[in-house]
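K.L.:
the following block contains a protein sequence and its predicted model.
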Amino acid sequence: MDHNKLALPVGTTLDRFIMRKQEDFPYATGELSQLLRDIALAAKIVNREINRSGLIDIAGAYGNRNVQGEDQQKLDVIANIRFIRALRNGGEVCTIISEEDADIIQTGNNQGKYVVAIDPLDGSSNIDVNVSIGTIFSIYRRISPTGREGSSADCLQPGTHQVAAGYVIYGSSTMLVYTTGNGVNGFTYEPSLGEFFLSHPDIQTPKTGKVYSINEGSAESFSPGVAAFVQHCKSEKFSARYIGSLVADFHRNLLKGGIYIYPATAKDPSGKLRLMYECNPLAFIVEQAGGKSSNGQLRTLEIEPKTCHERCPVFIGSKELVEQAEAFLAQEKEAAEATATA
């Protein structure tokens, strides 16, 4: 009898994978590896809090509003504390920008070489109804000299400067998906061992798909180009899939193929999603997986940010679908210009 069959390998842990891939990092000194481990540790703690939210009094609204003017959930506050604490204690991050804080957060680690932009708990209003939610993060190398606090210039770098980005999805299973610019890999959490294991190596998103994800409750305020593209999707018998949790919608489309859209509307003329800690990290991931992301005209990663909480329209997902959406918006622009000069 083959004794190895009695104890089959459990797979590659996140820590071991990071260690093996360290030479792929632009600056292979170990700090980025440690930073990713710090994020994974905080994700495990947040996962625990989410899983017991129905048993203790940590679900529901907190009673405050964040810098976005959105009602904070208790778990928003808890996740924000957990991630900031992990990044501060890890020592590799000098500065953090978070969806939940109006101002730049200085960690006190003035020798830290990295800046993190994070949405600690995306889709948290769905917690009470057991819908998948997530964490989104983006990592930059600081550009200011070490030995002092990080600056706003460190935080306001275009997405092309990201050295790593990822998300955690807390759902039927908890997964951490990340890239350092050398492909995209996904790790599933095994709670009995307390480890993330490589489950989705070298993720490649389909070049096209039959799913479109958009909040059609705002259809009356879509621009003509967006409305025309949505109608095109319907005429091609696409399936409409919109959970209302960005990470969940993005994750599904990344694996299965499709396009996620949050356009400019009359209510949100700059879109609703935030460039620095939602659009940029997901754009980095989707491009590394063979997909595409834009604001309808410009590549998301090339947008020059002006503020930490800047909003941005987004068309993200399978490359062919994003390019089709851009073509409809280009037609809208041409028609508007022709009318203006008539």
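P.N.:
Noted; the coordinates are in hand.
K.L.:
what helix or strand does the spatially most central residue of the chain sit in?
P.N.:
Central residue of the chain (Cα atoms, centre = their mean): I136, 3.7 Å from the mean position. I136 is located in strand 133-141, with elements delineated by DSSP states H and E.
K.L.:
tell me how far the residue nearest to S124 when sequence neighbours are not counted lies from I39.
P.N.:
Among residues not flanking S124 along the chain, Q73 sits closest, at 4.3 Å (Cβ to Cβ, 6 or more residues apart in numbering). The way it works is simple: take the backbone N, C-alpha and C, and place the C-beta from them, glycine included. Q73 is 21 Å from I39, where distance means Cβ to Cβ, to the nearest Å.
K.L.:
how about K207?
P.N.:
From K207 to I39 the distance is 30 Å (Cβ to Cβ).
K.L.:
and what of E236?
P.N.:
39 Å.
K.L.:
which one's more surrounded, these two?
P.N.:
I39 (24 against 10; other Cβ atoms under 10 Å).
K.L.:
ok, that one - contacts?
P.N.:
Contact analysis of I39 by Cβ atoms under 8 Å, 6 or more residues apart in numbering lists 83, 86-87, 137, 166, 176.
K.L.:
same check on Q106?
P.N.:
Residues near Q106 by Cβ under 8 Å, 6+ apart: 94-95, 149-150.
K.L.:
what residues are bridge-paired with it?
P.N.:
Beta-bridge partners of Q106, counted by DSSP bridges, are T95.
K.L.:
so for stretch 305-319, mean pLDDT?
P.N.:
Averaged across stretch 305-319, the pLDDT comes to 97.
K.L.:
and that stretch, which residues are buried?
P.N.:
Using 16 or more other Cβ atoms under 10 Å as the test for burial, stretch 305-319 gives 305, 308-319.
K.L.:
filter those residues down to just the ones in helices.
P.N.:
Counting by DSSP state H, these place K319 in helices.
K.L.:
of the buried residues of stretch 305-319, which is the nearest to H232?
P.N.:
Looking at those and their distance to H232, the nearest is F315, at 13.3 Å (Cβ to Cβ).
K.L.:
OK, contacts around that closest one?
P.N.:
Neighbour list for F315: 259-261, 263, 293-296, 322, 325-326 [criterion: Cβ under 8 Å, 6+ apart].
K.L.:
from S221, how far off is it?
P.N.:
17 Å.
K.L.:
do T205 as well
P.N.:
Going from T205 to S221 by Cβ to Cβ gives 29 Å.
K.L.:
more neighbours: these two, which one.
P.N.:
A count of neighbours by other Cβ under 10 Å puts T205 above the other of T205 and S221, at 24 against 15.
K.L.:
please verify my assumption that the more buried one contacts L254.
P.N.:
Yes: counting by Cβ atoms under 8 Å, L254 is a contact partner of T205 at 5.1 Å.
K.L.:
any common contacting residues for these two?
P.N.:
Applying Cβ under 8 Å, 6+ apart, one finds that T205 and L254 are jointly contacted by 286, 289, 291, 317.
K.L.:
most neighbours among these, which one?
P.N.:
Most neighbours among the shared contacts of T205 and L254, by other Cβ under 10 Å: G317, with 32 neighbours.
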